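Undergrad: turn this into a structure:
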Amino acid sequence: MRTDSPTSPSATTVPGRGGSSGSPTGQVRPAGGVVVTKPQFREISVIGERPISTQSQSRDGTPIDLFLFHTTEGAGGGEALIAFMERMGDRSYHYLVDNDRDGNTVYDLVDTDLASWSVLDANARSINLVIGASFAAWSRQDWIANARNAVRIGAWLAVQDCRKYGFTPRVIKPPYPLDPPGISDHKYVTEHLGIGDHTDMGDNFIWDILESDVNEFLGGAVLSTDQKIDYVFDQMSKLFASRSPYREDDNPFETAVGVLLMVDRNEHMRLVEDAALRGEPWAVEKVKRLANGEGPGAWLWYPDADGNRQTDTWAIEHAKAVYKKVPASAKKTT
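TA: The predicted model follows:
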């Protein structure tokens with residue numbers, strides 16, 4: 001729950017959360033020690049006061065690890081969007097950041113401790129913010145002209161909630177190379193998590209500006225040693241599927257380091273064997289050595305169950321087959 005949400009019986013401007021146009025903005029000193037200025041906006045909570053806030057569900061203990069941006073497409077913004085979602089009864093967001101002529105307004109729609117109905121099976125793990133009115137088909141200039149301030153406010157809210165719920169406030173932008181945690185959009189859920197078919201925020205969203213805003217609001221804050229260790233371990237131990245166009249399936253099978261070592265193995269084998277077949281003495285000698293069961297390549301890089309070294313029978317037999325194809329003239333010089 002947003003700790004500073006009002007408890008008054010009607011929708012209210014939230015005290016201490018930005019302010020109406022002309023009021024001073026707040027300053028915050030984050031963990032990094034750099035003072036950052038909170039963007040100016042008016043915040044109105046309808047939590048507990050409008051049906052939209054009941055279009056939600058328990059997270060059932062699922063940790064939050066995503067903050068996601070959305071567009072409204074043809075549904076407009078502000079009261080029109082809220083009324084539309086209430087009529088539909090099957091969708092909601094935690095925040096609506098509107099583009100008002102007299103300054104931006106943030107509507108708190110659903111308690112962030114609950115899951116909004118925004119991204120199907122990713123609801124339980126995410127906090128969701130919609131910018132109204134906005135379109136995935138917008139050009140970069142459209143985004144800057146129509147929603148620059150809304151994006152900045154979204155970045156502020158994202159950083160605050162990342163800190164509140166304890167997940168890494170990093171922007172994951174197309175082509176979406178990373179798993180959660182992070183800050184991304186609905187298209188990330190479609191393309192990276194494989195859930196649904198939405199494409200907002202579109203191809204021209206101002207990711208560089210969002211990322212700059214997030215970094216500014218982090219104020220130089222750094223990850224703790226434990227957070228760094230956890231992140232590195234997560235990335236190093238994660239399994240990945242093959243990217244080969246000839247792959248049989250998309251099942252994860254190897255870590256990133258394992259894939260790099262396999263690339264090293266295959267590329268070095270190709271380089272040496274191609275050179276040997278051209279008769280280059282240094283390469284012929286390497287193939288001959290392995291074919292004779294000698295050298296480090298004649299052994300597997302992992303021991304057997306008893307801790308003993310294992311012969312790499314496949315590599316030796318492969319080297320023998322390659323050596324047979326080496327020109328006879330080249331064999332005489334080795």
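Undergrad: all contacts plus neighbour counts: C-alpha atoms, from now on.
TA: Noted.
Undergrad: residues of stretch 204-211 that come out buried?
TA: Going by neighbour count (16 or more other CA atoms under 10 Å), the buried part of stretch 204-211 is Phe205, Ile206, Trp207, Leu210, Glu211.
Undergrad: okay if I get the residues you listed as TSV plus distance to Asp121, secondary structure and pLDDT?
TA: Formatted as TSV, the buried residues of stretch 204-211 follow (distance: CA to CA, whole Å; DSSP: H, G, I helix; E, B strand; the rest coil; pLDDT from 0 to 100):
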residue	distance to Asp121	secondary structure	pLDDT
Phe205	24	coil	97
Ile206	26	coil	97
Trp207	25	helix	97
Leu210	25	helix	96
Glu211	26	helix	94
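Undergrad: so which of those residues comes closest to Ala80?
TA: Within these, the smallest distance to Ala80 is 23.6 Å, found for Phe205 (CA to CA).
Undergrad: hang on, that closest one packs against Ser139?
TA: Yes. Using CA atoms under 8 Å, Phe205 is in contact with Ser139, at 7.5 Å.
Undergrad: just confirm Val97 is within a strand.
TA: Yes. Judged by DSSP: H, G, I helix; E, B strand; the rest coil, Val97 forms part of a strand.
Undergrad: how about the residue nearest in space to the middle of the chain, what does it touch?
TA: By CA atoms, centre = their mean, the chain has its centre lying nearest to Ile172, at 3.7 Å. Contacts here follow CA atoms under 8 Å, 6 or more residues apart in numbering; on that basis Ile172 touches Leu178, Gly182, Ile183, Ser184.
Undergrad: neighbours around the third one, how many?
TA: In other words, Ile183. Using other CA atoms under 10 Å, Ile183 has 27 other residues around it.
Undergrad: what does the domain assignment say about this protein?
TA: Domain segmentation of the chain under automatic domain parsing yields 12-224, 254-331.
Undergrad: re earlier: make a markdown table out of the contacts of Ile172 and add distance to Val232 and pLDDT.
TA: Formatted as a markdown table, the contacts of Ile172 follow (distance: CA to CA, whole Å; pLDDT from 0 to 100):
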| residue | distance to Val232 | pLDDT |
| --- | --- | --- |
| Leu178 | 12 | 92 |
| Gly182 | 15 | 96 |
| Ile183 | 18 | 97 |
| Ser184 | 20 | 98 |
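Undergrad: secondary structure and distance to Leu129 added to those, as a markdown table?
TA: Below are the contacts of Ile172 laid out as a markdown table (DSSP: H, G, I helix; E, B strand; the rest coil; distance: CA to CA, whole Å):
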| residue | secondary structure | distance to Leu129 |
| --- | --- | --- |
| Leu178 | coil | 20 |
| Gly182 | strand | 14 |
| Ile183 | strand | 11 |
| Ser184 | strand | 10 |
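Undergrad: just the buried residues out of these, in ChimeraX syntax.
TA: Under the burial definition 16+ other CA under 10 Å, those of those that qualify are selected in ChimeraX by:
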select :182,183,184
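Undergrad: can I get the contacts of Ile172 in a markdown table with distance to Met201?
TA: What follows is the contacts of Ile172, written out as a markdown table (distance: CA to CA, whole Å):
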| residue | distance to Met201 |
| --- | --- |
| Leu178 | 17 |
| Gly182 | 16 |
| Ile183 | 12 |
| Ser184 | 9 |
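Undergrad: which one of the contacts of Ile172 is nearest His318?
TA: Leu178 (37.2 Å).
Undergrad: please name the nearest non-neighbouring residue to that closest one.
TA: Nearest residue to Leu178 in three dimensions, chain neighbours excluded: Ile172, at 6.7 Å (CA to CA, 6 or more residues apart in numbering).
Undergrad: how much space between that neighbour and His186?
TA: Here the criterion is CA to CA, to the nearest Å. By it, Ile172 lies 11 Å from His186.
Undergrad: cool, and Asp90?
TA: 17 Å.
Undergrad: of those two, which one has the most company?
TA: Neighbour totals were compared for Asp90 and His186, and His186 leads with 24 against 13 (other CA under 10 Å).
Undergrad: element containing the residue lying closest to that one once chain neighbours are set aside, please.
TA: Taking CA to CA, 6+ apart, and ignoring the residues beside it in sequence, His186 has Asp200 as its nearest neighbour in space, at 5.5 Å. Element membership for Asp200, per DSSP states H and E: none, as it lies in no helix or strand.
Undergrad: Asp200 and Phe167: what is the separation?
TA: In terms of CA to CA, Asp200 sits 23 Å off from Phe167.
Undergrad: tell me which of those two has more neighbours.
TA: Comparing Asp200 with Phe167 by other CA under 10 Å, the one with more neighbours is Asp200, at 23 against 20.
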